[in-house]
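A.B. asks: Just a sequence and a predicted model for now, questions to come.
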Amino acid sequence: MNYKYNEVEYAELIYKKGFQSPNHMPAELRLTAIYMRRVLGYKPKKLKEEFEKWCMLHISDYNRASYYKIVNKAVNQAVKKGSSLIKLDSISVYKNEIEFIQRCSIFDEQHMEYEHADLCQKLMFAFMVQLKINHAVSKMKNADESADGSMFFQGNQRKYSAMKKMAALPDKIKINEDLIYYLYLSGLVTPLHNGLICIDFMKDIYSLDNSENLPEIIIKDFERTGLYFDYYNKEKNIKLCEYCKRPYKKKSNNQKYCSECAAIVNVKKQKQRDLKKS
């Protein structure tokens, strides 16, 4: 499971079972301290005592002098006003937002319709969802502030690879050369510098009024949001998993579940068979 947008569940896992990634000890100490402060409700003085006990239990070579700096930093971050853990379960997408993306024309150098216009729209959809995620996370971290919707995506090679995966694009497609360049030609994005892009079309998305509208799509799988766009467009072989209700690419006619849920369902069925035998 990806815990990037569910720090509450990840912090609970660390608290109960210890470090999940020893190479990221400071970050996991911070999450654990905030979990103990905000979820378990420890007051600052009690937090220091209980957090040190936790460290003694889960850090094999723990001693106060050696670990004072990073442990004290984690506690200070936890007791700081406004400290919180991210828990983002879903993102809402509205019909008029989807229709806006579908209406966007993508042109090539000769101002003809671009052959990969459909993939450009999938990437636009993924950019929109990512900026909605960023906006939601920003509001969680700054609860007292009114965070405006951002129009910028900043990324290195790793982040652009993650965006390609998020949009569920074919392996052969190069995200910058094959898609972003043509979105730029069509006036929908503006590449700036060092991987920074202004997502210009979001200005129109943000201007849409959805105060009285119900969501058309509720996105729960943030890693493959492009599949939601495919499912909405009734693309061949894109179905909803009968177990988790998330879209997946069907590989056979009798497939009912995505690969992750198929394993879970098989285990449950095996347990039921074993109970009947006993």
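C.D. replies: Nice, thanks for sending it over. A quick note: this is a predicted structure, and the numbers were derived from the prediction, not measured.
A.B. asks: buried sites along the helix or strand bottoming out on mean pLDDT in the chain?
C.D. replies: Lowest by mean pLDDT, DSSP states H and E among the helices and strands of the chain is helix 259-277, with a mean of 87. Residues of helix 259-277 classed as buried: Cys261 (neighbour count, 16 or more other CB atoms under 10 Å). To be clear about C-beta, it is placed using only N, CA and C from the backbone, and glycine gets the same treatment.
A.B. asks: Output it as CSV, restricted to C-alpha atoms.
C.D. replies: Extracted in CSV, the C-alpha atoms of helix 259-277 (Å, rounded to 0.1, in the frame of the first residue of the first chain):
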residue,chain,number,x,y,z
SER,A,259,-4.5,-8.0,-9.6
GLU,A,260,-4.2,-6.7,-6.0
CYS,A,261,-7.8,-7.7,-5.1
ALA,A,262,-7.7,-11.0,-6.9
ALA,A,263,-5.0,-12.2,-4.4
ILE,A,264,-7.2,-11.0,-1.4
VAL,A,265,-10.3,-12.7,-2.8
ASN,A,266,-8.4,-16.0,-3.5
VAL,A,267,-7.2,-16.1,0.1
LYS,A,268,-10.7,-15.5,1.4
LYS,A,269,-12.1,-18.2,-0.8
GLN,A,270,-9.5,-20.6,0.3
LYS,A,271,-10.3,-19.9,4.0
GLN,A,272,-14.0,-20.6,3.2
ARG,A,273,-13.1,-23.9,1.6
ASP,A,274,-10.9,-24.9,4.5
LEU,A,275,-13.7,-24.1,7.0
LYS,A,276,-16.2,-26.2,5.0
LYS,A,277,-13.7,-29.2,5.1
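A.B. asks: Which other helices and strands does that helix contact?
C.D. replies: For helix 259-277, not one helix or strand is in contact under the criterion 3 or more CB pairs under 8 Å, 6 or more residues apart in numbering; DSSP states H and E.
A.B. asks: Outside of it itself, list whatever touches it.
C.D. replies: 241, 243-244, 248, 255, 257 (CB atoms under 8 Å, 6 or more residues apart in numbering).
A.B. asks: what's near enough to touch Phe107?
C.D. replies: Contact analysis of Phe107 by CB under 8 Å, 6+ apart lists 113-114, 182, 185-186.
A.B. asks: What are the buried residues along the longest helix seen in the chain?
C.D. replies: Among the segments of the chain that qualify as a helix by DSSP state H, the longest is helix 117-141. Buried residues in helix 117-141, counted by 16+ other CB under 10 Å: 117, 119-137, 140.
A.B. asks: Following element in sequence after it, please.
C.D. replies: Using DSSP states H and E, the helix or strand that follows helix 117-141 in sequence is strand 152-154.
A.B. asks: what residues does the helix or strand just after that next one touch?
C.D. replies: Remark: after strand 152-154, the chain's next helix or strand is helix 157-166, criterion DSSP H and E. Residues outside helix 157-166 that contact it (CB under 8 Å, 6+ apart) are 123, 126-127, 129-130, 153, 155, 173, 175-176, 195, 222-226.
A.B. asks: Between helix 117-141 and helix 157-166, find me the angle.
C.D. replies: 110 degrees (axes from the mean of the first three to the mean of the last three CA atoms, to 10 degrees).
A.B. asks: how far out from the middle of the chain is helix 157-166?
C.D. replies: 12 Å (CA atoms, centre = their mean, to the nearest Å).
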